[in-house]
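Visitor: Return atomic coordinates for the entry below.
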Amino acid sequence: MRKLEEEREAEEKRRRQIESKKLYETNLKLKMKKKAREEQEQLAFDMKVLEKLLEETANEAAEIAQRKVSRPSRSE
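Guide: The predicted structure is shown next:
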């Protein structure tokens, strides 16, 4: 009788361990997905900022070139 009870307790302990392991793995996967999503969002934001800076730089260069073309020549 005692042996049967010990076997049940051991089986219950294994079941709880398996359950805990699955819960841990599920939580870890969710955490990793969240981190990946946050990093992707940060990367997208950084890319928008860089694109904006590139556009502003290109506009400034175009304005400078236009001023040089529009400026009257000093030799006249």
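Visitor: residues near Arg37, how many?
Guide: 10 (other Cβ atoms under 10 Å). Placement of C-beta: from N, CA and C, glycine included.
Visitor: Relative to Lys13, how far out is it?
Guide: 36 Å (Cβ to Cβ, to the nearest Å).
Visitor: what does Glu39 give?
Guide: 39 Å.
Visitor: Low-confidence stretches in this structure?
Guide: In the predicted model, the chain carries pLDDT under 70 at residues 73-76.
Visitor: again, 90 this time
Guide: Residues of the chain meeting the criterion pLDDT under 90: 1, 65, 67-76.
Visitor: Can you get me a residue count around Glu6?
Guide: Glu6 has 10 neighbours, counted by other Cβ under 10 Å.
Visitor: got it, and Asp46?
Guide: Asp46: 10 neighbours (other Cβ under 10 Å).
Visitor: what's the spacing between it and Ala58?
Guide: 19 Å.
Visitor: Same check on Glu19?
Guide: Counting by Cβ to Cβ, the gap from Glu19 to Ala58 is 58 Å.
Visitor: Next: Pro72.
Guide: For Pro72, the distance to Ala58 - Cβ to Cβ - is 26 Å.
Visitor: so which strand or helix has the residue positioned nearest the centre of the chain?
Guide: Within the chain, the residue whose C-alpha comes closest to the C-alpha centroid is Glu39; the distance, by Cα atoms, centre = their mean, is 1.3 Å. Using DSSP states H and E, Glu39 falls within helix 2-70.
Visitor: Can you get me a residue count around Gln66?
Guide: 10.
Visitor: cool, and Asn59?
Guide: Asn59: 10 neighbours (other Cβ under 10 Å).
Visitor: Same question for Glu7.
Guide: 10.
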